[in-house]
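> compute the structure for the input listed below.
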Amino acid sequence: MKLVELENILKVYPNGIVANRYVNFDVRAGEVHALVGDNGAGKTTLMKILAGFECPTSGVIRVEGRVMKRWNVRKALHNGIVMVHQHFSTVPSLSVLENLILPMRGYFGTARKQVIKKLWELEKILGFQVPLDMKVSELSYGMRQKLEIVKALMMEPRVLILDEPTALLSQDEVMNLFEVVEILKSRGVAVVFISHKLKEVEKIGDRVTILDKGVKVETFEKSERVFLVPGTLNTGTCEHTVLGEELLKVQELWYTYPCGRTALKNVSFSVHAGEIVGIYGPEGNGQKELVEILMGLRKYTSGRVEFRGKDMRGLSTADIRRMGISYVPDNKLEVGTAMKGKVWENLVAGIVRTTEFGRLISPRTLRRWARELMELYGIFPDDPDASMYTLSGGNLQKVILARELSSHPMLLIAHSPTKGLDFRTARFVRSKIREIRHDGGVLLISSDLEEISELCDKVYFMSRGELHPVEDLSSFELSRV
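All right, here's what the predicted structure looks like:
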């Protein structure tokens, strides 16, 4: 039975960009319908229309055969349609518990004890816990993504939309999430699964719909096709370069929150020119605190951090960037972009003071530079004056990567640089990261074991704020550390 149907959905934004062009899409009870396509294909926009966050320019929305008029978020939630967004929708200033209670007030009498009881039941299935009393702003990005999933599941959806839900989860956590999806299927819940990871689509999807530049290419049953999944685990086949000077040196680094929780415990490592050093592990084990310390966004408790022999304590982010360090953050909305700005403004931010441009810079020169970067990285829409709000999550990531990699850094700190990117773009980004190694060094933080194994010369595993060197990645097992 079709729970929901989208018929001839057209979405045209005020600037003329066509996100969806007469798309037909439906979701059946008890199935996982995978939605795939390149960055900017219109996947998230289509699902935002289904969840009531966007209004279609034209088209029909049906729920169990009934045509919906004046469709919005409230009506979608009333009909059991819940979306786990690619970008976080929680309130950072509130606690985890307050965020869980917030969306549920209008649907059933939500008391603290009831929420905790339901959360306890979910945690047993999901295999992870969320700290109820912590403010969301203090959580790692990986934990915040888990919170988004928990918040959606607590609303007992009839249609659950998952937009890139596994981007920050470990392999074990992904398997736990898939078990939850199977339970939901058995209860007749429909699941829409948006992903660039074809291995996951093949494992969990029942039907697959492909979008390309806002147009539906086709929908097919998974059993009708053989998936050709690009890429396999690469162990030790990356080209080796001669190590140069020591760029980054971290010695006995500790960080403790004011509440007494220790996030980093005696962390020590170094990055030389000519190498890519990887830090692998599930998000929420100190990665966020480490990169923020390295970029001057957080003061550490004790230890020492040096760049080319210079003590970095007390330096601002601007000082650190002037030293030749670029940063690709994990959270592109809060840290990596100025969402109220235009695309060209975000692309040239931080590099306009370089000698490449000189002292006097015309807006025409900056736009030309931005357009060249947009063409090189395949950023869509290809209008430098477009608002950042019109870009998909993958294209937002491309803007950050284009800006940071084009500054020719001596050291690149990249936190999940290919998260949310389609296969072709991810492969291009990884090639650009390799290029940096020829003249500088790279610190790569990622929960993607395949990415770590493909790129890195030296690997550490991060667990509960501690670093463990990994000697043989091919035989590495998460459960042994």
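> hang on, Trp11 packs against Pro56?
Careful, residue 11 is Lys and not Trp. Yes - contact criterion CB atoms under 8 Å: Lys11 and Pro56 qualify, at 5.4 Å. C-betas here are computed from N, CA, C, even on glycine.
> show the residue spans covered by the strands in the stretch 151-300 of the chain.
Secondary structure of the stretch 151-300 of the chain by DSSP state E, counting those that start in this stretch: the strands cover 159-163, 190-194, 207-212, 215-221, 246-256, 262-272, 276-280.
> low-confidence ranges in the stretch 351-481 of the chain?
The stretch 351-481 of the chain contains residues with pLDDT under 70 at 352-360, 473-481.
> buried residues in stretch 387-404?
Of all the residues in stretch 387-404, those buried under the rule 16 or more other CB atoms under 10 Å are 387-388, 390-404.
> just these: which are in helices?
Judged by DSSP state H, the buried residues of stretch 387-404 include Gly393, Gly394, Asn395, Leu396, Gln397, Lys398, Val399, Ile400, Leu401, Ala402, Arg403, Glu404 as members of helices.
> which residues are in contact with both of Lys11 and Pro56?
Contact with both Lys11 and Pro56 is made by residues Asn20, Ile49, according to CB atoms under 8 Å, 6 or more residues apart in numbering.
> which one of the strands of the stretch 151-300 of the chain lies closest to Thr337?
strand 159-163 (18.1 Å; CB to CB).
> okay, now the domains of this structure?
Structurally, the chain divides into domains by automatic domain parsing as follows: 2-224, 246-480.
> give me the distance between the two termini of the first one.
Looking back up the chat, that one is domain 2-224. Length of domain 2-224, first residue to last, CA to CA, to the nearest Å: 20 Å.
> can you report phi and psi for Ile379?
phi -80, psi 130 (degrees, to the nearest 10).
> that one contacts Leu401, correct?
No - the criterion here is CB under 8 Å, and Ile379 misses it with Leu401 at 9.7 Å.
> so the residue nearest the centre of the chain: helix, strand or coil?
Nearest residue to the geometric centre of the chain (CA atoms, centre = their mean): Lys419, 4.7 Å. At Lys419 the chain is in coil, as set by DSSP: H, G, I helix; E, B strand; the rest coil.
> would you map the helices across the stretch 1-150 of the chain?
43-50, 73-78, 96-101, 112-126, 141-153 (DSSP state H, counting those that start in this stretch).
> summarise which helices and strands the longest one is packed against.
What it means is helix 112-126. For helix 112-126, the contact count by 3 or more CB pairs under 8 Å, 6 or more residues apart in numbering; DSSP states H and E identifies helix 96-101, helix 141-153, helix 171-186 as packing neighbours.
> now do it and helix 141-153, the angle between them.
Put simply, helix 112-126 runs at 110 degrees to helix 141-153, going by axes from the mean of the first three to the mean of the last three CA atoms, to 10 degrees.
> on that earlier part again, from the helices of the stretch 1-150 of the chain, which stretch is densest packed?
helix 43-50 (a mean of 25; mean count of other CB atoms under 10 Å).
> now the angle from that helix to strand 215-221?
Put simply, helix 43-50 runs at 80 degrees to strand 215-221, going by the same axes, to 10 degrees.
> gap between helix 43-50 and the chain center?
Chain-centre distance of helix 43-50: 17 Å, with CA atoms, centre = their mean, to the nearest Å.
> ok, now stretch 255-274?
23 Å.
> return the set of buried residues in that stretch.
Buried residues in stretch 255-274 (16+ other CB under 10 Å): Tyr255, Thr256, Ala263, Leu264, Val267, Phe269, Ser270, Val271, His272, Ala273, Gly274.
> what are the contacting residues of the helix or strand bottoming out on mean pLDDT in the chain?
Least confident helix or strand of the chain, by mean pLDDT, DSSP states H and E, is helix 112-126 with a mean of 80. Residues outside helix 112-126 that contact it (CB under 8 Å, 6+ apart): 97, 100-101, 104, 129-130, 132, 146, 149-150, 153-154, 173, 176-177, 179-180, 183.
> swap in 7 Å and give it another go.
Helix 112-126 has contacts (CB atoms under 7 Å, 6 or more residues apart in numbering) with Leu97, Leu100, Ile101, Gln129, Val150, Leu153, Met154, Asn176, Leu177, Glu179, Val180.
> just stretch 423-442 next, same as before
Taking contacts as CB under 7 Å, 6+ apart, the residues outside stretch 423-442 that touch it are 39, 196, 230, 241, 247-248, 271-276, 378, 394, 398, 401, 405, 409-412, 414, 417-418, 421, 454-455.
> ditto for stretch 402-414
Outside stretch 402-414, the residues touching it (CB under 7 Å, 6+ apart) are 247-248, 271, 291, 294-295, 324-328, 346-347, 349-351, 373, 376-377, 379, 432-433, 436, 440-444.
> what's the spacing between Asp382 and Ser431?
Using CB to CB, to the nearest Å, Asp382 is found at 21 Å from Ser431.
> swap in Gly37?
Here Gly37 is placed at a distance of 22 Å from Ser431 (CB to CB).
> of the two, who's got more company?
The neighbour comparison of Gly37 against Ser431 (other CB atoms under 10 Å) goes to Gly37, with 23 against 10.
> helix, strand, or coil at Arg424?
helix.
> circling back: looking at the strands of the stretch 151-300 of the chain, spot the one closest to Glu7.
Nearest of those to Glu7, taken as CB to CB: strand 215-221 at 11.5 Å.
> in that closest one, what counts as buried?
Neighbour-count burial for strand 215-221 flags Lys216 (criterion: 16+ other CB under 10 Å).
> extract the CA atoms of that strand and return them as PDB.
Extracted in PDB, the C-alpha atoms of strand 215-221 (Å, rounded to 0.1, in the frame of the first residue of the first chain):
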ATOM      1  CA  VAL A 215      14.800  15.000 -12.900                       C
ATOM      2  CA  LYS A 216      13.700  11.400 -12.000                       C
ATOM      3  CA  VAL A 217      15.800   9.000 -14.100                       C
ATOM      4  CA  GLU A 218      14.100   5.800 -13.000                       C
ATOM      5  CA  THR A 219      12.700   3.700 -10.100                       C
ATOM      6  CA  PHE A 220      13.500   0.000  -9.900                       C
ATOM      7  CA  GLU A 221      13.300  -2.900  -7.500                       C
END
